[in-house]
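*Asks:* missing the sequence, but the structure's below:
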């Protein structure tokens, strides 16, 4: 009965990798006419995403990124065919650790969801519906449940093991990964963060990480090779420096870094860190931003608002979210998921490299804030740093439905931001990966009202207000 039920049910990874496979035939740059012709062959839901990424100002970099994602998916399928272990990792775990193994390959569940939302007709909603049909609660996070719902159908590309690094910072993430591991009958490697931000807590975390390394070596059947680890982490360190170069460029007014590049930077971080492909994409992003900065290029007549998103973005309508805001003079400076504190890893010894990887895990978004000894204090501290560094004049909170932990402290954090930085914060409500909850038109309207009424009044002097 199960085979008959799913015989016409295609999995997200299989569908997305087939569509991304078309990129192999694309030139590295495309004309407007070529893009227009290509649009006729796309699913309706993909046209918005392609319209966004193929905007002339970012087209060449977008094609490089999309080809990088295509290569990532193709390499996973090839690795599976060669008998290598496919390790499903969450967004808050460094893929470069898995790249350190010759016989393992990482797939990041939340990034797979984003590829489905961007590329597939129906945007992955069928997989969410399937997971709900199994009786899973609807307060789970769509960022991982969409892709993992596809895996649960038995008609998709399945992992050989799951790394779970979200215990202590994201219960919804942890439980769906645990459920999938048990449902598929594959091992799960846990990395739990202690709620202790002292040196004692970090020492314990390094111990937990080393234990996970040993479990992974036994599962993969391969001890980590010091030279290979050093090679991967040397590339990861170079990527970290390039990321900070981009960070510095975002400080310029008006911001020369296109809104979508904030997403591109952490797309590379979550799937291609420690690889040559990732470095190539980051170099291309920097070259593009340098050119725009030198020529004073900005899509709007003026930059009317510099907004930092204190949690996540919305990922299901890139054109109206990233590009349309930019064309109205609203800069997206970044969000929590794409703002890092990573330090270069000391590659002098194997021990220093393992400790460096553990420290990288510790400083990942959400692990660092939500898994902190005081969620509110660490979140507020980090927002204060990011907004001051990037010269932000507003914050926006996306209010993702499953993130009950951030909702629990949001009002306090918003008050703290206003007290420290005098920066107003807009609260929105809507699912970050599913369009059903709040339409983009409603979100756009709220953002426009916030910029036009709150920020405009904030910038206007009392004398001007009277006049």
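*Replies:* Received it, and whenever you're ready, just let me know what you need. Source: prediction; values computed, not measured. Residues are numbered from 1 along each chain as shown.

*Asks:* which residues touch stretch 303-310?
*Replies:* The contact list for stretch 303-310, computed with Cβ atoms under 8 Å, 6 or more residues apart in numbering, reads 253-255, 325, 328-336, 379, 383, 386-387, 390-398, 413, 417, 425, 451, 455. Glycine gets a C-beta too; all of them are placed from N, C-alpha and C.

*Asks:* Revised request: answer the last question for stretch 39-54.
*Replies:* Contacts for stretch 39-54 (Cβ under 8 Å, 6+ apart): 19, 30, 35, 38, 59, 62, 65-66, 118-123, 260, 317-320, 322-323.

*Asks:* residue ranges of the strands in the stretch 251-400 of the chain, please?
*Replies:* Applying DSSP state E, counting those that start in this stretch to the stretch 251-400 of the chain gives strands spanning 305-309, 330-335, 394-397.

*Asks:* Does residue 358 touch residue 206 like I think?
*Replies:* Yes: in this structure, residue 358 is within contact of residue 206 by Cβ atoms under 8 Å, at 4.5 Å.

*Asks:* if you count what's nearby, which of the two comes out ahead?
*Replies:* Counting neighbours by other Cβ atoms under 10 Å for residue 358 and for residue 206 shows that residue 358 has the greater number, 23 against 19.

*Asks:* okay, that one: pLDDT?
*Replies:* On the pLDDT scale, residue 358 is placed at 97.

*Asks:* Once you drop chain neighbours, what's closest to it?
*Replies:* Excluding its sequence neighbours, the residue lying closest to residue 358 (Cβ to Cβ, 6 or more residues apart in numbering) is residue 209, at 3.7 Å.

*Asks:* what sits against that neighbour?
*Replies:* Residue 209 neighbours (Cβ under 8 Å, 6+ apart): 191, 354, 357, 358, 361.

*Asks:* Dihedrals phi and psi, residue 163?
*Replies:* With angles defined as degrees, to the nearest 10, residue 163 sits at phi -100, psi 130.

*Asks:* cool, residue 134 as well?
*Replies:* Phi and psi for residue 134, reported as degrees, to the nearest 10, are phi -80, psi -10.

*Asks:* That one reaches residue 153, doesn't it?
*Replies:* No: Residue 134 lies out of contact with residue 153 (Cβ under 8 Å); the separation is 9.7 Å.

*Asks:* one step back: mind checking the strands of the stretch 251-400 of the chain for the one nearest to residue 278?
*Replies:* Among the strands of the stretch 251-400 of the chain, the nearest to residue 278 by Cβ to Cβ is strand 330-335 (18.3 Å).

*Asks:* what's the angle between the closest one and strand 305-309?
*Replies:* For strand 330-335 against strand 305-309, the angle by axes from the mean of the first three to the mean of the last three Cα atoms, to 10 degrees is 30 degrees.

*Asks:* which parts of strand 330-335 are buried?
*Replies:* Buried residues in strand 330-335, defined by neighbour count with 16 or more other Cβ atoms under 10 Å: 330, 331, 332, 333, 334, 335.

*Asks:* Stretch 309-329 too?
*Replies:* 309-326, 328-329.

*Asks:* Look up how far residue 433 lies from residue 124.
*Replies:* 7 Å (Cβ to Cβ, to the nearest Å).

*Asks:* which neighbours do these two share?
*Replies:* With Cβ under 8 Å, 6+ apart as the test, residue 124 and residue 433 both reach 113, 117, 146.

*Asks:* can you map out the helices along the stretch 201-350 of the chain?
*Replies:* 226-249, 259-271, 276-295, 318, 324-327, 350-362 (DSSP state H, counting those that start in this stretch).

*Asks:* Compare those helices and give me the one nearest residue 440.
*Replies:* The nearest among those, by Cβ to Cβ, is helix 324-327 at 8.7 Å.

*Asks:* Quick check: next helix or strand after the helix or strand where residue 110 lies?
*Replies:* Assessed by DSSP states H and E, residue 110 sits inside helix 109-119. Using DSSP H and E, the helix or strand that follows helix 109-119 in sequence is helix 125-133.

*Asks:* who touches that next one?
*Replies:* Helix 125-133 has contacts (Cβ under 8 Å, 6+ apart) with 12, 116, 138, 140, 142, 145-150, 152-153, 434, 436.

*Asks:* likewise stretch 284-301?
*Replies:* Under Cβ under 8 Å, 6+ apart, the answer for stretch 284-301 is 57-58, 60-61, 64, 242, 245-246, 249, 252, 254-258, 261, 264-265, 323, 326-329.

*Asks:* among the helices and strands of this protein, which has the poorest mean pLDDT?
*Replies:* The weakest-scoring helix or strand in the chain, judged by mean pLDDT, DSSP states H and E, is helix 2-6 (a mean of 39).

*Asks:* Just list what the following helix or strand past that helix packs against, helices and strands only.
*Replies:* Next along the chain after helix 2-6, taking DSSP H and E as the criterion, comes helix 12-20. Applying 3 or more Cβ pairs under 8 Å, 6 or more residues apart in numbering; DSSP states H and E, one finds that helix 12-20 makes contact with helix 59-81, helix 109-119, helix 142-152.

*Asks:* Could you dump those helices into TSV and include mean pLDDT and mean neighbour count?
*Replies:* Shown next, in TSV, are those (pLDDT from 0 to 100; neighbours: other Cβ atoms under 10 Å):
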stretch	mean pLDDT	mean neighbour count
helix 59-81	94	19
helix 109-119	93	26
helix 142-152	92	29
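
*Asks:* For the ones you listed, please prepare CSV with the additional fields distance to residue 345.
*Replies:* Shown next, in CSV, are the helices and strands packed on helix 12-20 (distance: least, Cβ to Cβ, whole Å):
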stretch, distance to residue 345
helix 59-81, 22
helix 109-119, 22
helix 142-152, 27
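
*Asks:* These: which one's closest to residue 238?
*Replies:* Of all these, it is helix 59-81 that lies closest to residue 238, at 15.8 Å by Cβ to Cβ.

*Asks:* Centre of the chain to the closest one, how far?
*Replies:* Its chain's average C-alpha position is 16 Å from that of helix 59-81, according to Cα atoms, centre = their mean, to the nearest Å.

*Asks:* for stretch 10-21, same thing?
*Replies:* How far stretch 10-21 lies from its chain's middle: 19 Å, per Cα atoms, centre = their mean.

*Asks:* That stretch: which residues count as buried?
*Replies:* 11, 12, 13, 15, 16, 17, 19, 20.

*Asks:* Surely the fifth one is in contact with residue 116?
*Replies:* Yes: counting by Cβ under 8 Å, residue 16 touches residue 116, with 5.4 Å between them.

*Asks:* Spatially nearest residue to residue 277 (excluding sequence neighbours)?
*Replies:* residue 68 (4.7 Å).

*Asks:* pLDDT score for residue 45?
*Replies:* 83.

*Asks:* Could you report the separation of it from residue 127?
*Replies:* Residue 45 is 14 Å from residue 127, by Cβ to Cβ.

*Asks:* Compare these two and say which is more crowded by neighbours.
*Replies:* Taking neighbours as other Cβ under 10 Å, residue 45 and residue 127 compare with residue 127 leading, 27 against 19.

*Asks:* got any ranges where this structure has weak pLDDT?
*Replies:* By pLDDT under 70, the low-scoring segments of the chain are 1-9, 457-467.

*Asks:* In contact with residue 366: list those residues for me.
*Replies:* 91, 92, 166, 169, 170, 336, 337.
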